[in-house]
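Q: 3D, please:
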Amino acid sequence: MSKLIKIYTDGSSIGNPGPGGYGIVMLSEDGEYKKEFSQGFKITTNNRMELLAVIVGLENLKLKNCNVKIYTDSKYVSDAVEKGWLFDWVKKDFKNKKNPDLWRRFLKIYKNHKVKFQWIKGHNNDFYNERCDFLANLAAKNSNLLEDKGYTLN
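A: Here you go, the predicted structure:
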């Protein structure tokens with residue numbers, strides 16, 4: 001049985017749409033491993049950044065078939081997966097749904113692991129959630145912002 005990997009994520013957008021970013025903190029269950037990631041984008045939405053944070057966190061796992069617990073303050077992301085909405089959206093080929101490019105990218109990596117989501121209230125003094133929020137906002141204010149091509153295509 002593989003060890004549990006904890007991934008804390010947050011996304012932000014200044015203006016929504018506007019400049020945005022994501023922040024990620026990955027931790028091993030035993031505390032031996034800790035890694036942070038963040039990136040900013042010129043124009044995007046908070047929901048895209050929330051979802052992209054989860055995707056990038058999962059894509060940075062070196063091994064397949066990991067036990068992963070994702071902590072997010074995004075109901076959009078956690079409910080879509082945990083309540084099964086996403087799988088209904090897939091059956092309808094994401095008709096009238098936002099962010100199909102990111103959801104498809106999520107599904108490719110999601111199937112490689114055993115993933116559970118834990119929703120946590122944002123801005124509630126959870127140390128790692130606050131850290132992710134800080135990283136996401138800092139990334140959104142960075143001068144080296146990428147283009148969110150998926151947003152510009154929608």
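Q: When you work out contacts or count neighbours from here on, use the C-alpha atoms and nothing else.
A: Fine.
Q: Please, where are all the helices along this protein?
A: Using DSSP state H, the helices of the chain run over 46-59, 75-82, 85-91, 100-110, 127-140, 149-153.
Q: Ok, which of the ones you listed comes nearest residue 116?
A: Checking the helices of the chain against residue 116 by CA to CA gives helix 75-82 as the closest, at 7.6 Å.
Q: pLDDT below threshold where in the protein?
A: Applying pLDDT under 70 to the chain flags the ranges 1, 152-154.
Q: In CSV, list the helices of the chain along with mean neighbour count and distance to residue 31.
A: Shown next, in CSV, are those (neighbours: other CA atoms under 10 Å; distance: least, CA to CA, whole Å):
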stretch, mean neighbour count, distance to residue 31
helix 46-59, 24, 17
helix 75-82, 17, 24
helix 85-91, 14, 32
helix 100-110, 16, 23
helix 127-140, 22, 13
helix 149-153, 12, 35
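Q: so can I have a markdown table of these showing distance to residue 69?
A: What follows is the helices of the chain, written out as a markdown table (distance: least, CA to CA, whole Å):
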| stretch | distance to residue 69 |
| --- | --- |
| helix 46-59 | 10 |
| helix 75-82 | 11 |
| helix 85-91 | 18 |
| helix 100-110 | 12 |
| helix 127-140 | 13 |
| helix 149-153 | 26 |
